[in-house]
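J.: Got a predicted model here, sequence first, then my questions.
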Amino acid sequence: METYSWYNIRVVCFAAFGSLFTGYSLAVFAFTLGQPTFYSSLNLVASATLPGYGHTNDILGAANGVFFGTGFFGCFLAGWAGNRLGRVNGFRIAAVTGVLGGALQCGSQSQAMFLVARAVAGLAAGHTMAAMPTYFAEVSPPHSRGLITGAHAIFINLGYCLAGWIGFGCYYTPKSVFAWRFPFAVVVIWALCLLAGSFYVPESPRFLVQHDNPEKALSILIRLHHDPKDPTDAFAHRELQLIQQRCEAEKIIIATDGPWRLFSKKANRQRLLLAWLIMVGGQNIGPLVINNYNVLLYNSLGLGATDSLLLSAGYNTLGLVVACIGGLISDRLGRRKALLTGYILITGVFAVLTGMIGKYNTSPSKGWAAAATTMIYVYVVCYNSFIDLNQFTAATEVFPTHIRSQASAVSISGLFLSVTLWLNLLPTATASIGWKYYLVFNCLTVVHTIYLFLYLPETAGWHLEEMDRALADDQHGHFEAQDVVEMKLQAGSAHVEALPQVTQDIHTKA
(Lines give C-alpha, C1' and ligand atoms only; values in the text may rest on other atoms or scores of the structure.)
Protein backbone atom coordinates (compact mmCIF):
# COMPACT_ATOMS: atom_id res chain seq x y z
CA MET A 1 0.00 0.00 0.00
CA GLU A 2 1.28 3.49 -0.87
CA THR A 3 2.31 5.41 2.23
CA TYR A 4 5.10 7.39 3.82
CA SER A 5 6.81 6.59 7.12
CA TRP A 6 7.95 8.70 10.04
CA TYR A 7 11.43 8.23 8.65
CA ASN A 8 10.23 9.84 5.42
CA ILE A 9 8.92 12.81 7.41
CA ARG A 10 12.19 13.16 9.34
CA VAL A 11 14.17 13.05 6.10
CA VAL A 12 12.05 15.82 4.62
CA CYS A 13 12.38 17.93 7.78
CA PHE A 14 16.17 17.62 7.83
CA ALA A 15 16.48 18.33 4.11
CA ALA A 16 14.10 21.26 4.51
CA PHE A 17 16.88 23.21 6.23
CA GLY A 18 17.97 23.84 2.64
CA SER A 19 14.58 25.40 1.91
CA LEU A 20 14.70 27.36 5.18
CA PHE A 21 18.14 28.63 4.22
CA THR A 22 16.78 29.66 0.82
CA GLY A 23 13.82 31.57 2.20
CA TYR A 24 15.80 33.31 4.90
CA SER A 25 18.52 34.29 2.42
CA LEU A 26 15.93 35.71 0.03
CA ALA A 27 14.21 37.72 2.75
CA VAL A 28 16.91 38.98 5.10
CA PHE A 29 18.02 41.89 2.90
CA ALA A 30 14.49 43.29 2.76
CA PHE A 31 14.50 43.80 6.52
CA THR A 32 18.01 45.24 6.46
CA LEU A 33 16.53 48.19 4.56
CA GLY A 34 14.72 49.22 7.73
CA GLN A 35 17.88 49.34 9.88
CA PRO A 36 19.46 52.84 10.15
CA THR A 37 22.95 51.54 10.99
CA PHE A 38 23.08 49.55 7.75
CA TYR A 39 23.17 52.79 5.78
CA SER A 40 25.70 54.50 8.04
CA SER A 41 27.99 51.44 8.14
CA LEU A 42 28.24 51.35 4.34
CA ASN A 43 28.30 55.14 3.88
CA LEU A 44 24.88 55.28 2.24
CA VAL A 45 22.33 58.09 2.42
CA ALA A 46 19.20 56.78 4.16
CA SER A 47 16.70 59.55 3.38
CA ALA A 48 15.13 60.04 -0.04
CA THR A 49 15.07 63.81 0.58
CA LEU A 50 18.86 64.13 0.91
CA PRO A 51 21.45 64.46 -1.87
CA GLY A 52 23.13 61.18 -2.74
CA TYR A 53 20.05 59.01 -2.29
CA GLY A 54 20.24 58.14 -5.97
CA HIS A 55 23.52 56.33 -5.29
CA THR A 56 21.84 54.50 -2.41
CA ASN A 57 19.14 53.32 -4.81
CA ASP A 58 21.82 52.11 -7.21
CA ILE A 59 23.60 50.10 -4.48
CA LEU A 60 20.34 48.60 -3.19
CA GLY A 61 19.37 47.62 -6.72
CA ALA A 62 22.82 46.15 -7.33
CA ALA A 63 22.69 44.19 -4.05
CA ASN A 64 19.46 42.56 -5.17
CA GLY A 65 20.67 42.21 -8.74
CA VAL A 66 23.91 40.37 -7.99
CA PHE A 67 22.16 38.11 -5.48
CA PHE A 68 19.53 36.94 -7.94
CA GLY A 69 21.95 37.05 -10.85
CA THR A 70 24.33 34.56 -9.23
CA GLY A 71 21.29 32.66 -7.97
CA PHE A 72 20.48 32.06 -11.64
CA PHE A 73 23.85 30.33 -12.08
CA GLY A 74 23.42 28.55 -8.76
CA CYS A 75 20.47 26.71 -10.27
CA PHE A 76 22.70 25.28 -12.99
CA LEU A 77 25.32 24.34 -10.40
CA ALA A 78 22.58 22.38 -8.62
CA GLY A 79 21.73 20.54 -11.82
CA TRP A 80 25.34 19.59 -12.50
CA ALA A 81 26.15 18.60 -8.90
CA GLY A 82 22.93 16.65 -8.43
CA ASN A 83 23.54 14.57 -11.52
CA ARG A 84 27.29 14.04 -11.21
CA LEU A 85 27.90 13.96 -7.47
CA GLY A 86 24.51 13.01 -6.07
CA ARG A 87 21.68 15.02 -4.56
CA VAL A 88 23.12 14.93 -1.03
CA ASN A 89 26.66 15.95 -2.03
CA GLY A 90 25.06 18.84 -3.87
CA PHE A 91 23.47 19.93 -0.59
CA ARG A 92 26.90 19.98 1.03
CA ILE A 93 28.36 22.19 -1.68
CA ALA A 94 25.45 24.61 -1.26
CA ALA A 95 25.81 24.60 2.53
CA VAL A 96 29.53 25.43 2.46
CA THR A 97 28.90 28.21 -0.07
CA GLY A 98 26.07 29.48 2.15
CA VAL A 99 28.32 29.63 5.21
CA LEU A 100 30.82 31.71 3.25
CA GLY A 101 28.14 34.02 1.85
CA GLY A 102 26.48 34.58 5.22
CA ALA A 103 29.79 35.29 6.96
CA LEU A 104 30.85 37.79 4.29
CA GLN A 105 27.52 39.63 4.44
CA CYS A 106 27.69 39.79 8.22
CA GLY A 107 31.23 41.15 8.23
CA SER A 108 31.03 43.53 5.27
CA GLN A 109 33.06 46.72 5.74
CA SER A 110 32.38 48.47 2.44
CA GLN A 111 29.87 48.68 -0.38
CA ALA A 112 32.09 46.59 -2.67
CA MET A 113 32.58 43.87 -0.06
CA PHE A 114 28.85 43.73 0.58
CA LEU A 115 28.11 43.29 -3.13
CA VAL A 116 30.64 40.45 -3.38
CA ALA A 117 29.08 38.84 -0.31
CA ARG A 118 25.62 39.11 -1.88
CA ALA A 119 26.94 37.39 -5.01
CA VAL A 120 28.30 34.42 -3.02
CA ALA A 121 25.10 34.18 -0.96
CA GLY A 122 22.99 34.26 -4.12
CA LEU A 123 24.94 31.36 -5.64
CA ALA A 124 24.15 29.23 -2.58
CA ALA A 125 20.48 30.26 -2.49
CA GLY A 126 20.04 29.47 -6.18
CA HIS A 127 21.61 26.06 -5.62
CA THR A 128 19.23 25.13 -2.79
CA MET A 129 16.23 26.67 -4.53
CA ALA A 130 16.69 24.24 -7.43
CA ALA A 131 18.06 21.21 -5.58
CA MET A 132 15.53 20.80 -2.78
CA PRO A 133 12.26 20.28 -4.74
CA THR A 134 13.94 17.68 -6.96
CA TYR A 135 14.99 15.72 -3.89
CA PHE A 136 11.60 16.05 -2.20
CA ALA A 137 9.83 14.81 -5.32
CA GLU A 138 12.13 11.79 -5.54
CA VAL A 139 11.61 10.63 -1.94
CA SER A 140 7.82 11.11 -1.83
CA PRO A 141 5.03 8.68 -2.78
CA PRO A 142 2.86 9.81 -5.73
CA HIS A 143 -0.34 10.75 -3.91
CA SER A 144 1.50 12.76 -1.24
CA ARG A 145 4.01 14.43 -3.56
CA GLY A 146 2.19 17.76 -3.49
CA LEU A 147 2.42 17.93 0.30
CA ILE A 148 6.00 16.65 0.59
CA THR A 149 7.44 18.64 -2.30
CA GLY A 150 5.38 21.55 -1.02
CA ALA A 151 7.53 21.44 2.11
CA HIS A 152 10.05 23.37 0.02
CA ALA A 153 7.72 26.36 -0.25
CA ILE A 154 6.51 25.98 3.35
CA PHE A 155 10.05 26.15 4.73
CA ILE A 156 10.93 28.99 2.37
CA ASN A 157 8.04 30.87 3.95
CA LEU A 158 9.29 29.89 7.39
CA GLY A 159 12.60 31.49 6.42
CA TYR A 160 10.78 34.66 5.39
CA CYS A 161 8.84 34.64 8.65
CA LEU A 162 11.95 34.23 10.81
CA ALA A 163 13.79 36.92 8.86
CA GLY A 164 10.87 39.28 9.47
CA TRP A 165 10.69 38.81 13.21
CA ILE A 166 14.47 38.81 13.67
CA GLY A 167 14.64 42.04 11.66
CA PHE A 168 11.84 43.56 13.73
CA GLY A 169 13.50 42.57 17.00
CA CYS A 170 16.88 43.91 15.92
CA TYR A 171 15.32 47.28 15.11
CA TYR A 172 15.25 47.97 18.84
CA THR A 173 19.05 48.23 18.88
CA PRO A 174 19.04 51.19 16.45
CA LYS A 175 22.45 52.59 17.38
CA SER A 176 24.32 49.31 17.07
CA VAL A 177 25.57 47.53 13.95
CA PHE A 178 24.19 44.39 15.61
CA ALA A 179 20.81 45.45 14.19
CA TRP A 180 21.85 44.54 10.65
CA ARG A 181 24.86 42.24 11.11
CA PHE A 182 23.16 39.67 13.33
CA PRO A 183 20.35 38.84 10.83
CA PHE A 184 23.03 38.05 8.24
CA ALA A 185 24.90 35.91 10.79
CA VAL A 186 21.78 33.74 11.13
CA VAL A 187 22.25 32.77 7.46
CA VAL A 188 25.34 30.86 8.59
CA ILE A 189 23.30 28.95 11.19
CA TRP A 190 20.81 27.64 8.61
CA ALA A 191 23.63 26.68 6.23
CA LEU A 192 25.36 24.72 9.00
CA CYS A 193 22.07 22.98 9.84
CA LEU A 194 21.77 21.92 6.21
CA LEU A 195 25.35 20.65 6.25
CA ALA A 196 24.69 18.62 9.40
CA GLY A 197 21.38 17.31 8.04
CA SER A 198 23.08 16.13 4.85
CA PHE A 199 24.80 13.41 6.90
CA TYR A 200 21.41 12.09 8.05
CA VAL A 201 19.29 12.15 4.90
CA PRO A 202 19.67 9.29 2.39
CA GLU A 203 20.65 9.63 -1.22
CA SER A 204 17.81 9.74 -3.73
CA PRO A 205 16.79 6.15 -4.66
CA ARG A 206 16.42 7.24 -8.26
CA PHE A 207 19.98 8.57 -8.34
CA LEU A 208 21.23 5.29 -6.85
CA VAL A 209 19.43 3.17 -9.45
CA GLN A 210 20.71 5.47 -12.17
CA HIS A 211 24.24 4.77 -10.90
CA ASP A 212 23.81 0.98 -10.60
CA ASN A 213 23.15 0.60 -6.88
CA PRO A 214 19.63 -0.91 -6.74
CA GLU A 215 20.22 -2.78 -3.46
CA LYS A 216 20.83 0.42 -1.52
CA ALA A 217 17.98 2.12 -3.38
CA LEU A 218 15.58 -0.64 -2.28
CA SER A 219 16.65 -0.41 1.37
CA ILE A 220 16.01 3.35 1.29
CA LEU A 221 12.63 2.94 -0.43
CA ILE A 222 11.59 0.42 2.23
CA ARG A 223 12.52 2.82 5.03
CA LEU A 224 10.82 5.75 3.30
CA HIS A 225 7.56 4.00 2.44
CA HIS A 226 7.33 1.19 4.99
CA ASP A 227 3.79 0.21 5.94
CA PRO A 228 3.41 -1.89 9.14
CA LYS A 229 0.37 -3.54 7.54
CA ASP A 230 2.52 -4.77 4.65
CA PRO A 231 5.43 -6.86 6.01
CA THR A 232 6.60 -7.67 2.47
CA ASP A 233 6.96 -3.97 1.54
CA ALA A 234 5.31 -4.68 -1.79
CA PHE A 235 4.91 -1.01 -2.66
CA ALA A 236 8.64 -0.32 -2.27
CA HIS A 237 9.50 -3.35 -4.43
CA ARG A 238 7.03 -2.29 -7.12
CA GLU A 239 8.42 1.23 -7.07
CA LEU A 240 11.98 -0.05 -7.44
CA GLN A 241 10.91 -2.23 -10.35
CA LEU A 242 9.38 0.75 -12.12
CA ILE A 243 12.44 2.94 -11.45
CA GLN A 244 14.80 0.22 -12.72
CA GLN A 245 12.85 -0.31 -15.91
CA ARG A 246 12.69 3.38 -16.57
CA CYS A 247 16.39 3.95 -15.87
CA GLU A 248 17.50 1.01 -18.02
CA ALA A 249 15.47 2.31 -20.92
CA GLU A 250 16.77 5.83 -20.38
CA LYS A 251 20.38 4.61 -20.51
CA ILE A 252 19.74 3.30 -24.01
CA ILE A 253 18.18 6.61 -25.00
CA ILE A 254 21.10 8.59 -23.54
CA ALA A 255 23.61 6.36 -25.35
CA THR A 256 21.78 7.03 -28.61
CA ASP A 257 20.98 10.73 -28.27
CA GLY A 258 23.82 12.02 -26.08
CA PRO A 259 23.81 14.52 -23.23
CA TRP A 260 21.84 17.22 -25.07
CA ARG A 261 18.65 15.20 -25.14
CA LEU A 262 17.00 17.81 -22.88
CA PHE A 263 17.00 20.22 -25.80
CA SER A 264 17.13 17.90 -28.80
CA LYS A 265 13.82 16.09 -28.25
CA LYS A 266 10.50 17.81 -28.85
CA ALA A 267 8.81 16.11 -25.90
CA ASN A 268 11.50 17.38 -23.53
CA ARG A 269 11.45 20.88 -24.98
CA GLN A 270 7.69 21.00 -24.47
CA ARG A 271 8.04 20.03 -20.82
CA LEU A 272 10.96 22.38 -20.28
CA LEU A 273 9.04 25.33 -21.71
CA LEU A 274 6.01 24.49 -19.59
CA ALA A 275 8.04 24.17 -16.37
CA TRP A 276 10.11 27.27 -17.12
CA LEU A 277 7.02 29.38 -17.76
CA ILE A 278 5.41 28.07 -14.57
CA MET A 279 8.40 29.38 -12.58
CA VAL A 280 8.69 32.63 -14.53
CA GLY A 281 4.95 33.18 -14.23
CA GLY A 282 5.14 32.70 -10.49
CA GLN A 283 7.43 35.76 -10.33
CA ASN A 284 5.86 37.81 -13.11
CA ILE A 285 2.89 38.33 -10.80
CA GLY A 286 5.10 40.19 -8.33
CA PRO A 287 5.56 38.16 -5.09
CA LEU A 288 9.25 38.82 -4.54
CA VAL A 289 8.93 42.43 -5.67
CA ILE A 290 6.33 42.92 -2.95
CA ASN A 291 8.32 40.88 -0.43
CA ASN A 292 11.82 42.24 -1.02
CA TYR A 293 10.63 45.84 -0.95
CA ASN A 294 7.89 45.22 1.62
CA VAL A 295 9.28 47.69 4.14
CA LEU A 296 9.76 50.41 1.52
CA LEU A 297 6.25 49.73 0.17
CA TYR A 298 4.72 50.38 3.59
CA ASN A 299 6.92 53.46 3.94
CA SER A 300 5.51 54.76 0.66
CA LEU A 301 2.03 54.44 2.20
CA GLY A 302 3.02 56.84 4.96
CA LEU A 303 3.93 54.31 7.66
CA GLY A 304 6.93 54.70 9.97
CA ALA A 305 9.89 52.35 10.22
CA THR A 306 8.56 50.42 13.24
CA ASP A 307 5.10 49.91 11.75
CA SER A 308 6.60 48.93 8.39
CA LEU A 309 8.86 46.28 9.92
CA LEU A 310 6.01 44.95 12.06
CA LEU A 311 3.59 44.75 9.11
CA SER A 312 6.25 43.08 6.98
CA ALA A 313 6.90 40.46 9.66
CA GLY A 314 3.15 39.92 9.97
CA TYR A 315 2.88 39.54 6.19
CA ASN A 316 5.45 36.73 6.20
CA THR A 317 3.88 35.05 9.23
CA LEU A 318 0.53 34.97 7.47
CA GLY A 319 2.32 33.65 4.39
CA LEU A 320 3.71 30.74 6.40
CA VAL A 321 0.30 29.83 7.84
CA VAL A 322 -1.48 29.80 4.48
CA ALA A 323 1.44 27.93 2.86
CA CYS A 324 0.87 25.12 5.36
CA ILE A 325 -2.82 25.11 4.43
CA GLY A 326 -1.82 25.07 0.76
CA GLY A 327 0.29 21.98 1.39
CA LEU A 328 -2.69 20.14 2.85
CA ILE A 329 -4.94 20.88 -0.14
CA SER A 330 -2.36 20.53 -2.92
CA ASP A 331 -2.90 16.83 -3.62
CA ARG A 332 -6.67 17.15 -3.28
CA LEU A 333 -6.99 20.02 -5.74
CA GLY A 334 -4.21 18.92 -8.09
CA ARG A 335 -1.61 21.20 -9.67
CA ARG A 336 -3.75 22.49 -12.52
CA LYS A 337 -6.80 23.50 -10.50
CA ALA A 338 -4.72 25.01 -7.68
CA LEU A 339 -2.51 27.11 -9.97
CA LEU A 340 -5.41 28.36 -12.08
CA THR A 341 -7.41 29.25 -8.97
CA GLY A 342 -4.45 31.20 -7.61
CA TYR A 343 -3.79 33.08 -10.83
CA ILE A 344 -7.43 34.07 -11.27
CA LEU A 345 -7.61 35.34 -7.68
CA ILE A 346 -4.31 37.22 -7.99
CA THR A 347 -5.56 38.92 -11.18
CA GLY A 348 -8.40 40.51 -9.24
CA VAL A 349 -6.40 41.25 -6.08
CA PHE A 350 -3.52 42.89 -7.93
CA ALA A 351 -5.89 45.07 -9.96
CA VAL A 352 -7.55 46.34 -6.77
CA LEU A 353 -4.21 46.78 -4.97
CA THR A 354 -2.74 48.78 -7.85
CA GLY A 355 -5.78 51.03 -7.90
CA MET A 356 -5.53 51.65 -4.15
CA ILE A 357 -1.82 52.49 -4.29
CA GLY A 358 -2.55 54.84 -7.17
CA LYS A 359 -5.38 56.47 -5.22
CA TYR A 360 -3.13 56.97 -2.19
CA ASN A 361 -0.50 58.63 -4.37
CA THR A 362 -3.01 61.15 -5.69
CA SER A 363 -5.05 61.58 -2.47
CA PRO A 364 -2.99 60.46 0.54
CA SER A 365 -5.08 59.33 3.51
CA LYS A 366 -4.92 56.77 6.29
CA GLY A 367 -8.00 55.09 4.83
CA TRP A 368 -6.38 54.39 1.46
CA ALA A 369 -3.15 53.30 3.19
CA ALA A 370 -5.08 50.85 5.38
CA ALA A 371 -7.02 49.52 2.38
CA ALA A 372 -3.85 49.00 0.34
CA THR A 373 -2.15 47.26 3.28
CA THR A 374 -5.14 44.94 3.63
CA MET A 375 -4.96 44.01 -0.05
CA ILE A 376 -1.24 43.25 0.30
CA TYR A 377 -2.20 40.73 2.99
CA VAL A 378 -4.98 39.29 0.80
CA TYR A 379 -2.40 38.92 -1.97
CA VAL A 380 -0.13 36.68 0.12
CA VAL A 381 -3.12 34.54 1.16
CA CYS A 382 -4.01 33.86 -2.48
CA TYR A 383 -0.42 33.37 -3.64
CA ASN A 384 0.77 31.07 -0.86
CA SER A 385 -2.41 28.99 -0.74
CA PHE A 386 -2.51 28.07 -4.41
CA ILE A 387 0.63 29.06 -6.32
CA ASP A 388 3.77 29.01 -4.19
CA LEU A 389 3.87 25.28 -3.38
CA ASN A 390 2.39 23.99 -6.60
CA GLN A 391 4.75 25.83 -8.93
CA PHE A 392 7.77 23.96 -7.51
CA THR A 393 5.98 20.61 -7.56
CA ALA A 394 4.70 21.02 -11.11
CA ALA A 395 8.02 22.29 -12.43
CA THR A 396 9.89 19.31 -10.93
CA GLU A 397 7.67 16.30 -11.47
CA VAL A 398 7.11 16.53 -15.25
CA PHE A 399 10.63 15.35 -16.18
CA PRO A 400 12.05 11.80 -16.53
CA THR A 401 14.78 10.75 -14.09
CA HIS A 402 17.80 11.10 -16.39
CA ILE A 403 17.16 14.80 -17.03
CA ARG A 404 15.18 15.78 -13.90
CA SER A 405 18.06 17.39 -12.05
CA GLN A 406 19.23 19.51 -15.01
CA ALA A 407 15.73 20.25 -16.29
CA SER A 408 14.46 21.33 -12.88
CA ALA A 409 17.51 23.55 -12.52
CA VAL A 410 16.85 25.21 -15.88
CA SER A 411 13.18 25.66 -15.00
CA ILE A 412 13.82 27.18 -11.57
CA SER A 413 16.52 29.43 -13.03
CA GLY A 414 13.59 31.23 -14.65
CA LEU A 415 12.58 32.38 -11.18
CA PHE A 416 15.92 34.09 -10.61
CA LEU A 417 16.03 35.51 -14.13
CA SER A 418 12.62 37.18 -13.83
CA VAL A 419 13.20 38.39 -10.26
CA THR A 420 16.56 39.90 -11.26
CA LEU A 421 14.76 41.86 -13.96
CA TRP A 422 11.90 43.12 -11.79
CA LEU A 423 13.95 43.98 -8.71
CA ASN A 424 16.53 45.88 -10.73
CA LEU A 425 13.83 47.83 -12.53
CA LEU A 426 11.79 48.62 -9.43
CA PRO A 427 13.79 51.51 -7.87
CA THR A 428 14.12 53.32 -11.20
CA ALA A 429 10.60 52.49 -12.39
CA THR A 430 8.88 53.62 -9.19
CA ALA A 431 10.91 56.84 -9.24
CA SER A 432 9.87 57.45 -12.87
CA ILE A 433 6.28 56.18 -13.17
CA GLY A 434 5.38 55.41 -9.54
CA TRP A 435 2.43 53.13 -8.91
CA LYS A 436 1.89 52.55 -12.65
CA TYR A 437 4.80 50.09 -12.51
CA TYR A 438 2.43 47.59 -10.90
CA LEU A 439 0.20 47.66 -13.99
CA VAL A 440 2.87 45.56 -15.72
CA PHE A 441 2.27 42.75 -13.23
CA ASN A 442 -1.48 43.04 -13.76
CA CYS A 443 -1.07 42.44 -17.48
CA LEU A 444 1.39 39.57 -17.04
CA THR A 445 -0.92 37.84 -14.56
CA VAL A 446 -3.65 37.74 -17.20
CA VAL A 447 -1.23 36.40 -19.84
CA HIS A 448 0.05 33.58 -17.62
CA THR A 449 -3.47 32.63 -16.54
CA ILE A 450 -4.45 32.11 -20.17
CA TYR A 451 -1.30 30.12 -20.90
CA LEU A 452 -1.78 27.77 -17.96
CA PHE A 453 -5.43 27.25 -18.83
CA LEU A 454 -4.49 26.19 -22.35
CA TYR A 455 -1.35 24.13 -21.73
CA LEU A 456 -1.06 22.90 -18.14
CA PRO A 457 -2.09 19.22 -17.73
CA GLU A 458 -2.86 17.55 -14.41
CA THR A 459 0.15 15.69 -13.00
CA ALA A 460 -0.97 15.02 -9.43
CA GLY A 461 -1.14 11.39 -8.27
CA TRP A 462 1.12 9.89 -10.95
CA HIS A 463 4.42 8.14 -10.29
CA LEU A 464 7.38 10.17 -11.52
CA GLU A 465 8.09 7.34 -13.95
CA GLU A 466 4.54 7.62 -15.32
CA MET A 467 4.69 11.23 -16.45
CA ASP A 468 4.91 10.23 -20.11
CA ARG A 469 1.43 8.76 -19.80
CA ALA A 470 0.16 11.67 -17.71
CA LEU A 471 1.21 14.18 -20.34
CA ALA A 472 0.19 12.00 -23.28
CA ASP A 473 -3.29 11.58 -21.76
CA ASP A 474 -3.59 15.36 -21.36
CA GLN A 475 -7.01 16.31 -22.68
CA HIS A 476 -5.56 19.31 -24.51
CA GLY A 477 -3.19 17.09 -26.51
CA HIS A 478 -0.20 19.44 -26.28
CA PHE A 479 2.37 16.89 -25.09
CA GLU A 480 3.93 13.81 -26.62
CA ALA A 481 4.97 10.64 -24.81
CA GLN A 482 8.01 10.24 -27.04
CA ASP A 483 10.13 8.62 -24.36
CA VAL A 484 7.84 5.60 -23.99
CA VAL A 485 7.72 5.10 -27.75
CA GLU A 486 11.50 5.41 -28.03
CA MET A 487 12.04 2.98 -25.18
CA LYS A 488 9.99 0.37 -26.98
CA LEU A 489 11.69 0.94 -30.31
CA GLN A 490 15.25 1.14 -29.02
CA ALA A 491 15.27 -1.33 -26.13
CA GLY A 492 13.12 -4.03 -27.64
CA SER A 493 13.46 -6.15 -24.53
CA ALA A 494 10.69 -7.84 -22.61
CA HIS A 495 11.05 -5.75 -19.49
CA VAL A 496 10.77 -2.50 -21.45
CA GLU A 497 7.87 -3.79 -23.51
CA ALA A 498 6.11 -4.51 -20.23
CA LEU A 499 6.55 -0.95 -18.98
CA PRO A 500 3.03 0.35 -19.77
CA GLN A 501 1.46 -2.63 -17.97
CA VAL A 502 3.73 -2.24 -14.94
CA THR A 503 2.95 1.46 -14.63
CA GLN A 504 -0.75 0.68 -14.92
CA ASP A 505 -0.47 -1.96 -12.18
CA ILE A 506 1.31 0.39 -9.81
CA HIS A 507 -1.02 3.30 -10.49
CA THR A 508 -4.04 1.04 -9.87
CA LYS A 509 -2.70 -0.60 -6.70
CA ALA A 510 -1.39 2.68 -5.26
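T.: That came through, no problem. Residues are numbered from 1 along each chain as shown.
J.: domain parsing for the chain?
T.: Using automatic domain parsing, the domains assigned to the chain come out as 7-225+262-479, 485-510.
J.: right, and Val381 touches Tyr315 too?
T.: No: using C-beta atoms under 8 Å, Val381 is not in contact with Tyr315, being 10.2 Å away. For glycine as for every other residue, the C-beta is placed from the backbone atoms N, C-alpha and C.
J.: more crowded one of those two?
T.: Tyr315 (22 against 17; other C-beta atoms under 10 Å).
J.: How about the contacts made by the more buried one?
T.: Gly164, Asn291, Asn294, Ile376, Tyr377, Val380 (C-beta atoms under 8 Å, 6 or more residues apart in numbering).
J.: go with 10 Å
T.: Counting by C-beta atoms under 10 Å, 6 or more residues apart in numbering, Tyr315 makes contact with 160-161, 164, 290-291, 294, 297-298, 373, 376-377, 379-380.
J.: I'd like to know how far it sits from His127.
T.: 27 Å (C-beta to C-beta, to the nearest Å).
J.: just Leu301 next, same as before
T.: Counting by C-beta to C-beta, the gap from Leu301 to His127 is 36 Å.
J.: can you check Val12 too?
T.: Shown here: Val12 relative to His127, a distance of 19 Å by C-beta to C-beta.
J.: Of the domains of the chain, which stretch is the most buried?
T.: When the domains of the chain are scored by mean count of other C-beta atoms under 10 Å, the highest mean neighbour count falls to domain 7-225+262-479 (a mean of 21).
J.: next one: that one to chain centre, how far?
T.: Taking C-alpha atoms, centre = their mean, to the nearest Å, one finds domain 7-225+262-479 lying 5 Å from the centre of the chain it belongs to.
J.: Could you list the low-confidence segments of the chain?
T.: Counting by pLDDT under 70, the ranges of the chain that qualify are 1-2, 257-262, 470, 472-510.
J.: make it 50
T.: Within the chain, the ranges that satisfy pLDDT under 50 run 473-510.
J.: Out of the contacts of Tyr315, the closest to Asn8 would be?
T.: Here the nearest of the contacts of Tyr315 to Asn8, counting by C-beta to C-beta, is Cys161; it sits at 24.6 Å.
J.: for Gly169, what are its contacts?
T.: Ala179, Phe182, Pro183, Leu309, Ala313 are the contacts of Gly169 under C-beta under 10 Å, 6+ apart.
J.: Adding secondary structure and distance to Ile59, write these out as a markdown table.
T.: Shown next, in a markdown table, are those (DSSP: H, G, I helix; E, B strand; the rest coil; distance: C-beta to C-beta, whole Å):
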| residue | secondary structure | distance to Ile59 |
| --- | --- | --- |
| Ala179 | helix | 18 |
| Phe182 | helix | 21 |
| Pro183 | helix | 18 |
| Leu309 | helix | 21 |
| Ala313 | helix | 24 |
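J.: Surely Lys436 touches Gly355?
T.: No: using C-beta atoms under 10 Å, Lys436 is not in contact with Gly355, being 11.2 Å away.
J.: The stretch 351-500 of the chain: helices as residue ranges?
T.: 366-386, 388-397, 401-433, 438-455, 467-472, 482-491, 494-497, 499-509 (DSSP state H, counting those that start in this stretch).
J.: So for Gln109, which of the ones you listed sits nearest?
T.: Nearest to Gln109, of all the helices of the stretch 351-500 of the chain, is helix 401-433, at 24.0 Å by C-beta to C-beta.
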